[in-house]
Structure formats: C-alpha cells, structure tokens
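1. predicted model and sequence follow; I will ask about them next.
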Amino acid sequence: MSNDVSARNRWLAMVGTRLAAAAGAVLGIVLIGRAHDWPTKALGVAIVLAALYMMAVVPLALARRWRTPPEA
C-alpha cells in the first residue's frame, strides 16, 4: 500500500510543478501586457521562458530520478 501512496505523491509533485510553471507563465504574460517600459517587458519575457523551460524539463527530470531501476 505504501508503494501506491508513494506513486501518488510523486505524480502530484510532477503535476504541481507543471501547475506552478503555468502560473509563472501567466504571470509573465500579464507583466508583458501591462508593462510600459522595455526592461519590464524583458523581465516578463524572461519569466515566461523560464516557466516554459520548467514546465518541460522538471517533470521529466523527476520521472527519471524516480524511475524503478531495471532488474539485473
């Protein structure tokens, strides 16, 4: 039973990172839309790019880290 709980918690962690990254991307888009000067717009673009990178890489890295080792 603890294996099922562990798998559920790991899945929730991966989904949580995707949701946090999506929220960061939305924050960056709002910042881009409301900014009046270019440094603030550049910060918004950087936040969006970092969030998209986080959304693509972090869940895969967690899945690779938690993968069951092959039986020898």
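-> All right, it came through fine. Numbers count the residues shown, from 1 in each chain.
2. helix or strand for Val26, which one?
-> Element membership for Val26 (DSSP states H and E) is helix 2-34.
3. check which residues of the helix or strand that that helix is followed by are buried.
-> Toward the C-terminus, helix 2-34 is succeeded by helix 38-66 as the next helix or strand (DSSP H and E). Neighbour counts using 16 or more other CB atoms under 10 Å place Gly44, Ile47, Val48, Ala51, Met54, Met55, Val58, Pro59 of helix 38-66 among the buried residues. Just so you know, the C-beta spots here come from the backbone N, C-alpha and C atoms, and that holds for glycine as well.
4. ok, now how distant is the fifth one from Gly33?
-> Here the criterion is CB to CB, to the nearest Å. By it, Met54 lies 21 Å from Gly33.
5. for the last one, same thing?
-> Distance of Pro59 to Gly33, computed by CB to CB: 27 Å.
6. same check on the first one?
-> Gly44 sits at a distance of 8 Å from Gly33 (criterion: CB to CB).
7. same deal with Ala51?
-> To Gly33, Ala51 is 15 Å away according to CB to CB.
8. please apply the same query to Asn9.
-> 36 Å.
9. Lys41 contacts Ala35, correct?
-> Yes: contact criterion CB atoms under 8 Å: Lys41 and Ala35 qualify, at 4.5 Å.
10. how about residues contacting stretch 35-49?
-> Outside stretch 35-49, the residues within contact range by CB atoms under 8 Å, 6 or more residues apart in numbering are Gly24, Ala25, Leu27, Gly28, Ile29, Val30, Leu31, Ile32.
11. rerun that using 7 Å as the cut-off
-> Contacts to stretch 35-49, defined as CB atoms under 7 Å, 6 or more residues apart in numbering, come from residues Gly24, Ala25, Leu27, Gly28, Ile29, Leu31, Ile32.
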